[in-house]
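Q: need a 3D model of the following:
(one chain, ligands or ions: 1)
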Amino acid sequence: MSTRAQFPIAERFRPFGTTIFAEMTALAQRHRAVNLSQGFPDFDGPDLGKQAAIEAVRSGQNQYAPLPGTPVLREAIAGWASRVSGINCEPDREVTVTSGCTEAIAATMLGLLNAGDEVVVFEPYYDSYRACLAMADAKPRFVTMRRTAGGFGYDSEELREAFNERTRAVLINTPHNPTGAVFSESQLKEIAELCIAHDAIAISDEVYERLVYAGNEHRSIATLPGMHERSVVLSSSGKSFSLTGWKIGWAIAPPDLTAGIRSAHQFLTFAVATPLQHGVAALLRDGEQEIHSLVNHYAHTRSLLGEALLELGFDLTLPQGSYFILADHTRVTEKLGLSTDVDLCRWLPEHAGVAAIPPSAFYSSPEEGSRLVRFAYCKKTETIDEAINRLRAALGHA
Ligand code: GLN
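A: You can find the predicted model right below:
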């Protein structure tokens, strides 16, 4: 038998380890914990989409889709973007279907950025942003969102200072994972003005675009004056239709930016699952009622979990959008004799039977997130009830 030296992970990925989502879901399974860590629904997506996908499989839609996506889905995405956000785009030249929004993020960065380009990134950030920037050899400049009276916000001065002559893009996510913040029109205008002043583009991850609660409104930066031509809007069907496992996402961008995105997409995945694209097309066209019920349900689980966490000593503001609650755990961990978010998230599955995400993984300086913990409430009411009962039993008298 031949022996060989240990083959190390490529240097570009070494700083990132295993994604926290896989790690926490595995820990939840090990302890049979209620999994409020990784954000995925524990209920099924709508029949309408499943029937359309099954029909596509049965009728022989089983070969490669065209590289940019099936025409029927690209049409449906253009219709949806116009209805939902007021974005008007040409399906042929401005829409690309990807393997979830995660591939859209990768294709955008790899297809449009060069080594040394700077990208302004709000933190806490979805972990793949940073890894994709590393793959593109681009340099992130972080702007930290911190707790304010009404939720989470950033400092305008810090934002202005992050832009310079090397800035090529700003990466935003609204509604925001993990804070639940919905960027206001005035914040988006401020970001847009900086993009225009520095001739940068906006890459806007809007996967939670439909998960917005009463009193808040989603707005896409692409609809602000002068921004259509300098925006890449990314979204997917995973969150709006509870189909995270289908991995059907998309990028909407003007033709020159779309050319960059497609040049990377063709070598990443080439094209994504044909029948599932037919399923998503049906949902984007006719799934409004499904979304309405889903948002009502999440409004309910958001209050249930939020109120229970408050009562248990967590400090939080209910999220404006998304399906995450980001809470300050200081009072709880002090009582338990623990300290950081990582301590708490390792303790919870074993001792309370509930799993959550330690958000320090989403900051360039982990201490920024060490007092916080993220819970996902994209679950059945009974799952949230069970998690609350378990948390009360473990923490109620801590
Ligand atoms: N977007 C989801 C979350 O934030 C899941 C991401 C993942 O598992 N890669 O929890």
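Q: how long is stretch 133-146 from one end to the other?
A: End-to-end distance of stretch 133-146 (Cα to Cα, to the nearest Å): 23 Å.
Q: identify the residues contacting it?
A: Applying Cβ atoms under 8 Å, 6 or more residues apart in numbering, the external contacts of stretch 133-146 come out as 12-13, 15-16, 106, 109-110, 113-125, 129-130, 152-155, 158-159, 162-163, 166-168, 176, 179, 181, 363-364, 368. In this view, the C-beta of every residue, glycine as well, is placed from N, C-alpha and C.
Q: so which of these are in strands?
A: Among the contacts of stretch 133-146, the subset assigned to strands under DSSP state E consists of E118, V119, V120, V121, F122, E123, F152, G153, T167, R168.
Q: let me have those in JSON lines, extended by pLDDT, distance to the ligand and neighbour count.
A: What follows is the ones in strands among the contacts of stretch 133-146, written out as JSON lines (pLDDT from 0 to 100; distance: Cβ to the nearest ligand atom, whole Å; neighbours: other Cβ atoms under 10 Å):
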{"residue": "E118", "pLDDT": "98", "distance to the ligand": "25", "neighbour count": "22"}
{"residue": "V119", "pLDDT": "98", "distance to the ligand": "20", "neighbour count": "27"}
{"residue": "V120", "pLDDT": "98", "distance to the ligand": "21", "neighbour count": "26"}
{"residue": "V121", "pLDDT": "98", "distance to the ligand": "16", "neighbour count": "24"}
{"residue": "F122", "pLDDT": "98", "distance to the ligand": "15", "neighbour count": "24"}
{"residue": "E123", "pLDDT": "98", "distance to the ligand": "14", "neighbour count": "21"}
{"residue": "F152", "pLDDT": "97", "distance to the ligand": "15", "neighbour count": "21"}
{"residue": "G153", "pLDDT": "97", "distance to the ligand": "20", "neighbour count": "16"}
{"residue": "T167", "pLDDT": "98", "distance to the ligand": "26", "neighbour count": "21"}
{"residue": "R168", "pLDDT": "98", "distance to the ligand": "25", "neighbour count": "19"}
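Q: can you tell me which two in the residues you listed are farthest apart?
A: Using Cβ to Cβ, the two most remote members of the ones in strands among the contacts of stretch 133-146 are F152 and R168, lying 25.6 Å apart.
Q: show me where this structure has strands.
A: Going by DSSP E, the chain shows strands at 34-35, 95-99, 118-123, 139-144, 146-148, 151-153, 167-173, 201-205, 231-236, 248-252, 324-328, 354-355, 372-376.
Q: most tightly packed of these?
A: strand 248-252 (a mean of 29; mean count of other Cβ atoms under 10 Å).
Q: listing partners with orientation, what would you give for it?
A: If you go by DSSP bridges, strand 248-252 pairs up with strand 95-99 (antiparallel), strand 231-236 (antiparallel).
Q: the inter-axis angle of the last one versus strand 167-173?
A: Read that as strand 231-236. Angle of strand 231-236 versus strand 167-173, following axes from the mean of the first three to the mean of the last three Cα atoms, to 10 degrees, is 30 degrees.
Q: again with the first one
A: Here strand 95-99 points in a direction 70 degrees away from that of strand 167-173 (the same axes, to 10 degrees).
Q: before I go, just wanted to say thanks for your time.
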